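Colleague: Mind folding the following:
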Amino acid sequence: MIELTQGQELTLAAEDGRTPTKVQMAVGWDHNPTAGFISSGAPPIDLDASAVQFAGGAFFDLAFFNNLATRDGSVVHLGDNTTGKGEGDDEVIDVDLSRVYPKVESILFLVTSYQGHSLEYIRNAYCRLIDDDGTELARFTITLGVRETGLVMAKLFRDGSTWKLRAIGTGIALKTPTDSMEALLPFV
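Modeller: Numbers count the residues shown, from 1 in each chain. You can find the predicted model right below:
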């Protein structure tokens, strides 16, 4: 497993050198009970993982809590966790790289606060990429407070016949990915 830093890239390859055909992007977070003015009795923060596909520099399709799969079925959101409670991954998105529409050049992975909370209210936020054998290929941990309501965590993109992952980790003012596709274009 490789711990990525902001801007770092990784070519997708399993330990044996082969390119995985299926991966999962898993995200996790914990509510920070001491952040802001929220008391420990406040409701949990509802974060949502999303995967947004782009082709030719324009929006193509997405999978998120309100649209669980892309039209081609290559990207599937496995369910909405509205609290972030519990150990391990809070939300998981499956990506079948062999089924991604050929014109799709990149897939952005986002985490957004549906209720509009600043991401300063969370801690221990991460995204991790897992291959089809369950091996963690890479992890990107968010270590600094993010004042915005969303975070572009990473980008999966084609580089010739291979796929690469780039850690982004940049805050963005979105509550859902459909709020503004134009705001996502600089990351494509």
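Colleague: Who does residue 163 form a beta bridge with?
Modeller: For residue 163, the beta-bridge assignment (DSSP bridges) gives partners residue 158.
Colleague: wait, isn't it in contact with residue 156?
Modeller: Yes. Under the criterion of CB atoms under 8 Å, residue 163 lies in contact with residue 156, with a separation of 6.0 Å. Every C-beta, even on glycine, is put in place using the N, C-alpha and C of the backbone.
Colleague: Identify the contacts common to the two.
Modeller: Taking CB atoms under 8 Å, 6 or more residues apart in numbering as the contact criterion, the residues that touch both residue 163 and residue 156 are residue 12.
Colleague: so how far is stretch 48-57 off the chain centroid?
Modeller: Centroid separation for stretch 48-57 versus its chain: 10 Å, with CA atoms, centre = their mean, to the nearest Å.
Colleague: okay, which residue is most central for the chain?
Modeller: Computing the C-alpha centroid of the chain and ranking residues by CA atoms, centre = their mean puts residue 109 first, at 3.0 Å.
Colleague: Who are the packing partners of the helix or strand hosting that residue?
Modeller: Secondary structure from DSSP states H and E places residue 109 in strand 104-113. Contacts of strand 104-113 with other secondary structure elements, assessed using 3 or more CB pairs under 8 Å, 6 or more residues apart in numbering; DSSP states H and E, are made with strand 22-31, strand 47-55, strand 122-131, strand 150-159.
Colleague: and the direction of it versus that of strand 122-131, what angle?
Modeller: The directions of strand 104-113 and strand 122-131 differ by 150 degrees, with axes from the mean of the first three to the mean of the last three CA atoms, to 10 degrees as the criterion.
Colleague: starting at the chain centroid, how far to strand 104-113?
Modeller: With CA atoms, centre = their mean as the basis, the distance from the averaged C-alpha position of strand 104-113 to the chain average is 6 Å.
Colleague: what is the orientation angle of that strand with strand 150-159?
Modeller: Going by the same axes, to 10 degrees, strand 104-113 makes 160 degrees with strand 150-159.
Colleague: dump the residue contacts of residue 61.
Modeller: With contact set as CB under 8 Å, 6+ apart, residue 61 has these partners: 52-53, 70-72, 75, 101, 104.
Colleague: Please state the offset of stretch 3-17 from the chain centre?
Modeller: Mean C-alpha position of stretch 3-17 versus that of the full chain (CA atoms, centre = their mean) differs by 15 Å.
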